[in-house]
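K.L.:
from the sequence below, what's the structure:
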Amino acid sequence: MGLLDRFRTPKAVSEGKFGFAVVGLGHIARPFLEELRGSLTCRVSAVVSGDATKAAATAKKYGADATYSYADFDRIADNPAINAVYLALPVCLHREYTERAAAAGKHVLCEKPMASTSADAEVMIAACRQAGVRLGLAYRCPHTMPHKRLREFIQQGTFGPQSSLRIESGFGFPLKPGWRDQGTLAGGGSLWDVGIYPLNAARFLLHEEPVAVEDASATCDANGMEREVRWTSVFPSGARAICTSSYERDIPDTLRVMGEFGSALMAPAFRWQDPYRIRGTVHNPAYHRPLEIKVRELDFPEFRLEAEELAAAVREDRDTIAPGEDGLADLRAMEMIYRAAGVPGF
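P.N.:
Numbers count the residues shown, from 1 in each chain. Below you'll find the model as predicted:
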């Protein structure tokens with residue numbers, strides 16, 4: 001809770017909250033539902049599911065006023081309590097439900113990755129722009145203090161010139177059967193699900209877009225779906241991000257920044273269930289003595305802040321800090337990685 005929020009009573013903001021329809025009630029929707037309970041500016045006003053019993057139970061638990069099925073989803077246009085939708089659906093459905101939400105006049109907060117292809121992402125951006133609604137991506141880095149602090153260190157040259165920086169990052173786990181192991185539903189393999197974290201983090205920390213891919217290789221299954229991929233993203237400054245994602249083995253979610261003057265390790269770096277931690281040492285000539293870096297974050301409501309950021313962007317008539325264009329940039333980078341690694345279909 002921010003300083004000003006301490007002086008705002010729940011009664012003062014209980015009316016007129018920015019209402020979300022949560023579309024899809026899988027595992028990623030749970031923290032979103034839970035965290036919006038504590039928001040002073042946003043609420044869950046509706047839930048959408050193919051399971052009517054589950055929808056009713058979820059609506060009752062989280063105080064939602066309405067439930068919808070996927071078949072009658074378009075009826076959200078008639079509900080003024082719904083200002084936006086939160087899309088917690090398989091990737092292959094993001095484009096369809098973004099277009100339908102935009103047609104209903106509702107803003108969109110879309111889980112990552114944004115779409116199956118960059119072409120789909122372009123259509124989603126155009127649909128929201130034409131409808132006059134905001135499109136935001138559910139990226140967590142811009143909302144977490146350790147990620148933002150690490151970005152500040154980099155931008156201030158704490159680790160050395162950006163041209164000297166190397167980022168090493170990875171994330172992976174053995175995949176259990178489900179929609180993620182079906183390329184048509186998931187959009188891609190491990191890169192689309194867990195590899196996007198180190199990729200997006202590198203883009204966020206360096207504030208640059210990758211211009212090339214080096215040393216890319218991938219392991220694919222018999223159906224051509226990528227199960228593990230390794231690559232190096234090259235950035236205009238000369239910085240490089242050496243990344244791995246996997247559906248074959250456990251890879252701790254870590255992020256290490258190394259430069260001319262020192263390094264820092266964030267571990268964990270991406271799992272919202274655990275506190276983020278950064279430790280490092282810098283021997284920068286600008287300092288009289290070595291700089292010890294220790295950053296830790298506890299109980300940070302990332303999902304709530306994603307929702308509140310979209311609400312604020314709508315209220316202030318501005319883009320979100322992670323707009324659709326950010327999701328499009330990731331997809332273009334991922335497609336570039338797959339082409340470099342020789343993944344079939346790219």
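K.L.:
can you pull out the helices in the stretch 151-300 of the chain?
P.N.:
Per DSSP state H, counting those that start in this stretch, the stretch 151-300 of the chain carries helices over the ranges 183-186, 190, 196-206.
K.L.:
right, so these: which one is the most enclosed?
P.N.:
The highest mean neighbour count among the helices of the stretch 151-300 of the chain, using mean count of other Cβ atoms under 10 Å, belongs to helix 190: a mean of 27. C-beta here means a position set from N, CA and C on the backbone, and glycine is covered the same way.
K.L.:
okay, the helices of the stretch 151-300 of the chain in a markdown table with mean pLDDT and distance to Ala222 next?
P.N.:
Compiled in a markdown table, the helices of the stretch 151-300 of the chain are given as follows (pLDDT from 0 to 100; distance: least, Cβ to Cβ, whole Å):
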| stretch | mean pLDDT | distance to Ala222 |
| --- | --- | --- |
| helix 183-186 | 77 | 12 |
| helix 190 | 96 | 16 |
| helix 196-206 | 97 | 24 |
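K.L.:
reformat these as a markdown table; add distance to Met334.
P.N.:
Formatted as a markdown table, the helices of the stretch 151-300 of the chain follow (distance: least, Cβ to Cβ, whole Å):
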| stretch | distance to Met334 |
| --- | --- |
| helix 183-186 | 12 |
| helix 190 | 11 |
| helix 196-206 | 7 |
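K.L.:
of all these, which one comes closest to Val108?
P.N.:
Nearest to Val108, of all the helices of the stretch 151-300 of the chain, is helix 196-206, at 18.3 Å by Cβ to Cβ.
K.L.:
so what touches that closest one?
P.N.:
Contacting residues not belonging to helix 196-206 are listed as 112-113, 139, 141-142, 147, 150-151, 154, 162, 165, 167, 169-171, 191, 209-210, 233, 235, 237, 239, 241, 243-245, 253, 255, 257, 269-270, 329-330, 333-334, 337 [Cβ atoms under 8 Å, 6 or more residues apart in numbering].
K.L.:
how far out from the middle of the chain is stretch 193-200?
P.N.:
Its chain's C-alpha centre and that of stretch 193-200 lie 9 Å apart, by Cα atoms, centre = their mean, to the nearest Å.
K.L.:
secondary structure class of the residue nearest the centre of the chain, three-state.
P.N.:
Nearest to the geometric centre of the chain sits Tyr139, at 2.5 Å (Cα atoms, centre = their mean). The three-state label given to Tyr139 by DSSP: H, G, I helix; E, B strand; the rest coil is coil.
K.L.:
same check, this time on Val343
P.N.:
Strictly by three-state DSSP, Val343 counts as coil.
K.L.:
and it, what does it touch?
P.N.:
Contacts of Val343 (Cβ under 8 Å, 6+ apart): 188-189, 218, 220, 224, 226, 229.
K.L.:
got it, and Arg227?
P.N.:
Contacts of Arg227 by Cβ under 8 Å, 6+ apart are 175, 189-190, 219-221, 246-248.
K.L.:
ignoring the adjacent residues along the chain, who's closest to it?
P.N.:
Leaving aside its sequence neighbours, Arg227 sits nearest to Tyr247 (Cβ to Cβ, 6 or more residues apart in numbering; 4.7 Å).
K.L.:
wait, the one you found sits on Phe173?
P.N.:
Yes - Tyr247 is within contact range of Phe173, at 7.3 Å (criterion: Cβ atoms under 8 Å).
K.L.:
which of those two has more neighbours?
P.N.:
Tyr247 (24 against 17; other Cβ atoms under 10 Å).
K.L.:
before we move on, back to that, against Ile196, how distant is the residue nearest to the centre of the chain?
P.N.:
9 Å (Cβ to Cβ, to the nearest Å).
K.L.:
which residues are common contacts for those two?
P.N.:
Lys112.
K.L.:
for the protein, what are the low-confidence residue spans?
P.N.:
1-15, 299 (pLDDT under 70).
K.L.:
show me where it has its strands.
P.N.:
For the chain, the strands defined by DSSP state E cover 18-23, 42-48, 66-68, 84-87, 107-110, 135-137, 166-172, 212-220, 226-234, 240-246, 251-259, 262-266, 277-282, 291-296.
K.L.:
can you put these in a markdown table and add distance to Thr117?
P.N.:
Formatted as a markdown table, these follow (distance: least, Cβ to Cβ, whole Å):
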| stretch | distance to Thr117 |
| --- | --- |
| strand 18-23 | 20 |
| strand 42-48 | 24 |
| strand 66-68 | 27 |
| strand 84-87 | 16 |
| strand 107-110 | 14 |
| strand 135-137 | 16 |
| strand 166-172 | 22 |
| strand 212-220 | 18 |
| strand 226-234 | 15 |
| strand 240-246 | 18 |
| strand 251-259 | 26 |
| strand 262-266 | 30 |
| strand 277-282 | 34 |
| strand 291-296 | 36 |
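K.L.:
out of these, nearest to Ala312?
P.N.:
strand 18-23 (8.8 Å).
K.L.:
what angle sits between the closest one and strand 42-48?
P.N.:
30 degrees (axes from the mean of the first three to the mean of the last three Cα atoms, to 10 degrees).
K.L.:
so how far is strand 18-23 off the chain centroid?
P.N.:
17 Å.
K.L.:
check stretch 94-106 too.
P.N.:
19 Å.
K.L.:
same check on stretch 305-315?
P.N.:
Worked out by Cα atoms, centre = their mean, stretch 305-315 lies 15 Å from the chain centre.
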